[in-house]
Each structure stands twice: as C-alpha cells, then as structure tokens.
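*Asks:* for reference, the sequence and a predicted model appear below.
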Amino acid sequence: MERNAFLCILYIMLLAAPGPVLANAQTEREQPRNKRQAQVLLPIASYAGMTVSAPLFLALVAAYGMTQVTRYAIQLARSRTRGQLSSSGDRRSHNCGGWFHDGWCRPQCRSYEYEDWRSSAVCGGWKCCKVR
C-alpha cells in the first residue's frame, strides 16, 4: 500500500508541476504580442489608400475589422453607369487579369476583347477585358 500511495503522490506532483512553468512561459509570450499583431496587419498596409472591389473589401473587413480598413483609407469601388465616362478617359481603368495583368478593367469589353470572369473581381462593377 505504501508503494501505491507513493506512486499516487508522484503522479500528482508530475501533473501539477507544469502549471507554474507554463504560467511563466505565457507571460514571456505576451511581450512580443504587439510585434505579432503588427506583422498580421502588414498585408492590409499594402492596400492603403486603394479602391478595391466589393468581395475584397468585405474580406478585408471580415479579417481586420472596419476600424483598420478605415484607418488605412481603403475604399469600396462603386460601379458607374454607362456613358458617364469613356473607359479610356476614366481614372479607374487599370490592369487586371491574374498573374500577368494582361487585361484592362472596363465597363464594356471592346469588339476585339473578351471578358475574363475569373479576374473581374478586381474591377469592382466593371469587367476584366483581355485581347482575344
């Protein structure tokens, strides 16, 4: 019986011993927490001052919160009506088209272009038009 009592006390000590050790390790981890949070916010900084499409805007709000999105002045792209400005004279006409950026965001694709529906999310309400 003495042996069982000794083993029970030994196991209880082994189970209780990591508690204070883990508590000290947790306070040491809290110091670089601000650095980790700054690293997490780094990707949102790449969108600072940009106008992004609705799906990307919603993803940024879901990931970082509305306060961070407004802090970096990220705006939601609004679609314009046809005929307001030509696509060549509009400030929102920019590159799209995935890895190679071989398309242009336009309200309507021209006769020699086709709509790349996979890359149109970057264009907001417009279409990503690529040359055929």
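*Replies:* Arrived safely, thanks for sending. Remember, predicted model here, so these are calculated numbers, not experimental data.

*Asks:* the helices in the chain, which residues?
*Replies:* Along the chain, the segments classed as helices by DSSP state H run 2-16, 18-30, 33-45, 54-64, 66-71.

*Asks:* by mean pLDDT, show me the worst of those helices.
*Replies:* Per-stretch mean pLDDT for these is lowest at helix 18-30 (a mean of 57).

*Asks:* quick check: domain ranges of the chain?
*Replies:* By the assignment in automatic domain parsing, the chain contains the domains 38-77, 95-131.

*Asks:* got those as a markdown table, with mean neighbour count and distance to residue 6 columns?
*Replies:* In short, each C-beta sits where N, CA and C put it, glycine included. Converted to a markdown table, the domains of the chain look like this (neighbours: other C-beta atoms under 10 Å; distance: least, C-beta to C-beta, whole Å):
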| stretch | mean neighbour count | distance to residue 6 |
| --- | --- | --- |
| domain 38-77 | 14 | 49 |
| domain 95-131 | 17 | 67 |
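
*Asks:* would you mind giving these as a markdown table with distance to residue 13 added?
*Replies:* Converted to a markdown table, the domains of the chain look like this (distance: least, C-beta to C-beta, whole Å):
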| stretch | distance to residue 13 |
| --- | --- |
| domain 38-77 | 39 |
| domain 95-131 | 59 |
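
*Asks:* ok, residue 12 - how many residues close by?
*Replies:* The local packing of residue 12 (other C-beta atoms under 10 Å) involves 10 other residues.

*Asks:* in contact with the nearest residue to residue 74 once chain neighbours are set aside, which residues?
*Replies:* Among residues not flanking residue 74 along the chain, residue 47 sits closest, at 5.1 Å (C-beta to C-beta, 6 or more residues apart in numbering). For residue 47, the contact set (C-beta atoms under 8 Å, 6 or more residues apart in numbering) comprises 60, 72, 74.

*Asks:* in CSV, list those along with distance to residue 5.
*Replies:* Putting these into CSV (distance: C-beta to C-beta, whole Å) gives the following:
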residue, distance to residue 5
60, 60
72, 63
74, 65
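
*Asks:* which among those residues gets closest to residue 51?
*Replies:* Nearest to residue 51, judged by C-beta to C-beta, of the contacts of residue 47 is residue 74 at 7.9 Å.
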